[in-house]
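Participant: Fold the following.
(chains A and B)
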Amino acid sequence: MALEIYNTLTRKKELFTPLEPGYVGMYVCGPTVYSDVHLGNCRTFISFDIIYRYLKYLNYKVRYVRNITDAGHLEGDRDEGDDKFSKMARAQKIEPMEIVQRYTLGFRDVMQLFNTLPPSIEPTATGHISEQIAMTQTIIDNGYAYEKNGTIYFDVEKYNAEKPYGILTNRKLEDLLEGTRDLDGQDEKKGRLDFALWIKAKPEHLMQWPSPWGMGFPGWHIECSAMSSKYLGKQFDLHGGGMDLAATHHTNEIAQNEACFHKSPAQIWMHTNMLTVNGTRMSKSLGNGFLPHELFTGAHALLDKAYSPMTVKFFMLQTHYRSTLDFSNDALQASEKGLKRLWEAYENLQKMQYTLGEINVEIEEKTATLIHGFDESMDDDFNTAKVLANMFEIVPIINSIKDGLMPIGSISQNTFALLQTKMKSYLEDVFGLIPAQESNNNNLANVMELLIDIRKEAKLKKDFATSDKIRNQLSNIGIVVKDEKDGSVSWNIG
RNA sequence: GGUCCUUUAGCCGAGUGGUUAGGCAAAGCUCUGCAAAAGCUUCUACAGCGGUUCGAAUCCGCUAGGGACCUCCA
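Facilitator: Presented below is the predicted three-dimensional model:
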């Protein structure tokens, strides 16, 4: 089987064939750094991180570009709108770039907590002003944009006469025109759907740059066109982002690229679905967002307790990226327990030594099929949920071997070796899961060894009062002691 | 109003027309000094109505919920 990816453009799964064999160019619309990223934002970037990792796992050489939007795009479509960064800066009396810096670093910290890989290139809008101006100029030269009082608008109706503007989300121009609401400050534009490529700045705007049309700043959509074409070429393989970007931002990106280069930028458009809370989309404007740190500390009205970044990531992996995912305390709780069970089995698996035995054909075949299902599921539009389901079916096999209920030789040496390597590849390399915070403190390990030793002596003397006291009190402070079937004692935090 | 998506057991959620997805919770049993963990077993659902088909959760139509986009938002 080969990788198939759902393409928003064609509304079906397509066989993935890179433009250059062996190489993949992938662009993902990154965050706007004027406030903290919330969990919904994180979901998208975590999803694309898994996709990036899986492409690497398939031995593609991937250039992954994810931008940082740090130059003001307008609030709403109002020409009078304020640059978001300038607005914030005035309120807090600090430089716009201070805000950008703070939230950029915050974003990277959060992404690191989720153990996502940094993109190959993380370009900023403010770092590519000249590219955006050049692209705007070409679009004007090609006749698809016009100037009005220092602002450049893209002429959607003219473009649509030649190419279908609403192609990405399957909409007709007439329908789009009908749906447009009346907003203030529309008079400058020729068409109601026209959007700004470059916006004239007022003197008080803090972020503005010189251009052939006077001082101004770029429209929101042009940055992604400029940066994707610069780093990935006029045509590349994958373009991704949240589903909310498809109708406007990505639609405009396609129009800009077509108007500039006469080419549609990406072969495949991928869109991740929204994270919801009580069935409603988590969004900045609704103010129902969870911030990552609220989750990690449990400081949120809807949460009973804190959840680790890996629990949250695992929770996301149990759903397909194109499905909405509803966020709730119960669901997180279930994920936390599930991940713990899976991870313990995984760690035990890695410690096992194989010895030959009589192969149980049924178990052998089942195990092999489940392992091969990992790749098959991921090849089917990155079905991480199915991979995890397969893993959970393998867990009882691993645990039975560990507890001596089944000889390790019940499965063949090849299958066992494959199991060890595939579980590692998937859990650590593709999913990027890392063990729960392990204590680096040697003292703790030494103290635990001592306590376990004392407890063992107590048990030998049938002094269960003492042995239970040790176990119970450790449990109270969050350390779980387990008597294993082979007589050994294990412990872990949480 | 327009364009779409969605509705799966107590909860969360996969799902290629014909075979028990999976997780969590719950119940029973086994193991254990007692626990915990683990193993085994049980709980077999697809909004409603109609149609296509030998056969539909899966395809088609209608109805009813829910949601997204059409305005900044991953």
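
Participant: and A:Phe314, which of the three is it?
Facilitator: helix (DSSP: H, G, I helix; E, B strand; the rest coil).

Participant: I'd assumed A:Gly432 was in contact with it.
Facilitator: No: counting by Cβ atoms under 8 Å, A:Gly432 is not a contact partner of A:Phe314; they are 10.7 Å apart. To be clear about C-beta, it is placed using only N, CA and C from the backbone, and glycine gets the same treatment.

Participant: between these two, which one's more packed in?
Facilitator: Ranked by neighbour count (other Cβ atoms under 10 Å), A:Phe314 and A:Gly432 place A:Phe314 first, with 24 against 19.

Participant: Do a quick rundown of the strands in the stretch 151-300 of chain A.
Facilitator: Here the stretch 151-300 of chain A has its strands, by DSSP state E, counting those that start in this stretch, at A:151-154, A:195-200, A:216-218, A:236-242, A:266-272, A:275-277, A:280-281.

Participant: A:Thr466 reaches A:Leu460, doesn't it?
Facilitator: No: the criterion here is Cβ under 8 Å, and A:Thr466 misses it with A:Leu460 at 11.0 Å.

Participant: Tell me, how many residues neighbour the residue of chain A found nearest RNA strand B?
Facilitator: Residue of chain A nearest RNA strand B, by Cβ to the nearest atom of the strand: A:Gly242 (1.7 Å). Using other Cβ under 10 Å, the number of residues around A:Gly242 comes to 21.

Participant: Leaving out chain neighbours, which residue sits closest to it?
Facilitator: A:Thr44 (4.7 Å; Cβ to Cβ, 6 or more residues apart in numbering).

Participant: what about the helix or strand harbouring the one you found and RNA strand B, any contact?
Facilitator: Following DSSP states H and E, one finds A:Thr44 within helix A:39-57. Yes: applying Cβ under 7 Å from any atom of the strand, one finds helix A:39-57 touching RNA strand B at A:Gly40, A:Asn41, A:Arg43, A:Thr44.

Participant: Closest one to A:Tyr6 out of the residues you listed, please.
Facilitator: A:Thr44 (15.1 Å; Cβ to Cβ).

Participant: so that closest one makes contact with A:Thr272?
Facilitator: Yes: applying Cβ under 8 Å, one finds A:Thr44 in contact with A:Thr272, separated by 4.6 Å.

Participant: shared neighbours of these two, anything?
Facilitator: A:Gly240, A:Gly241, A:Gly242 (Cβ atoms under 8 Å, 6 or more residues apart in numbering).

Participant: Who does the first one form a beta bridge with?
Facilitator: So that's A:Gly240. A:Val28, A:Met270 (DSSP bridges).

Participant: Thought A:Tyr52 was touching it, still the case?
Facilitator: No: between A:Gly240 and A:Tyr52 there is no contact under Cβ under 8 Å: 9.8 Å.

Participant: what's the weakest-modelled helix or strand in chain A?
Facilitator: helix A:84-92 (a mean of 72; mean pLDDT, DSSP states H and E).

Participant: Mind listing what's buried along that one?
Facilitator: Within helix A:84-92, the residues scored as buried using 16 or more other Cβ atoms under 10 Å are A:Lys84, A:Phe85, A:Ser86, A:Lys87, A:Met88, A:Ala89.

Participant: Spell out which residues of the stretch 151-300 of chain A are next to RNA strand B.
Facilitator: A:169-172, A:175-176, A:178-181, A:183, A:193, A:220, A:241-249, A:272-276, A:279-286.

Participant: at 6 Å what do you get?
Facilitator: Contact residues, the stretch 151-300 of chain A versus RNA strand B (Cβ under 6 Å from any atom of the strand): A:169-171, A:175-176, A:178-181, A:220, A:241-245, A:247-249, A:272, A:274-275, A:279-285.
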